[in-house]
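**Student:** Next comes the sequence, and after it the predicted model I'd like to discuss.
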Amino acid sequence: MKGKPDIIEKKRLQWYDHIKRMPEERLPKLIMEWMPRERRKRGRPRKTWMEGIQAAMTTRNLEPDQWRNREEWRLVSGRQRQLLKILDR
């Protein structure tokens with residue numbers, strides 16, 4: 001069984017894929033691509049959601065536009081194994 005961080009990483013990549021496939025006018029996509037105008041507060045900045053996605057993509061050797069090929073994305077993001085478990089039931 002995989003650890004909880006691995007499961008969380010897979011779910012984040014699944015959500016990233018889902019959002020990237022949405023039409024441009026959908027609110028979740030607009031929020032994901034929004035960049036605040038203000039500067040960050042002093043001190044160590046917290047890790048953003050996109051920084052976490054980029055780190056997960058780096059560890060799995062994923063390219064930023066690889067989500068366009070749905071079958072390949074499922075194989076490398078871990079979604080394929082989950083689908084196979086559902087089909088085996």
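**Tutor:** Ah, there it is. Residues are numbered from 1 along each chain as shown.
**Student:** ok, which stretches of the protein are helices?
**Tutor:** Taking DSSP state H, the helices of the chain run over residues 4-20, 27-33, 49-59, 70-77, 79-88.
**Student:** Can you list the buried residues in the longest one?
**Tutor:** Which is helix 4-20. 9-10, 12-14, 16-17, 19 (16 or more other CB atoms under 10 Å). Every residue, glycine included, has its C-beta placed from N, CA and C.
**Student:** Now do that helix: which elements does it pack against?
**Tutor:** Other helices and strands packing on helix 4-20, by 3 or more CB pairs under 8 Å, 6 or more residues apart in numbering; DSSP states H and E, are helix 27-33, helix 49-59, helix 70-77, helix 79-88.
**Student:** Same question for the third one.
**Tutor:** Helix 49-59 sits against helix 4-20, with contacts defined as 3+ CB pairs under 8 Å, 6+ apart.
**Student:** distance of the closest residue to residue 9 other than its chain neighbours from residue 7?
**Tutor:** Closest residue to residue 9 apart from its sequence neighbours, by CB to CB, 6 or more residues apart in numbering: residue 56 at 4.6 Å. According to CB to CB, to the nearest Å, residue 56 and residue 7 sit 12 Å apart.
**Student:** follow-up on the earlier one: just send the buried residues of helix 4-20 back as CSV, with pLDDT and distance to residue 61 too.
**Tutor:** Listed next are the buried residues of helix 4-20 as CSV, based on pLDDT from 0 to 100; distance: CB to CB, whole Å:
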residue, pLDDT, distance to residue 61
9, 85, 14
10, 85, 15
12, 87, 16
13, 87, 13
14, 86, 17
16, 88, 15
17, 86, 16
19, 90, 21
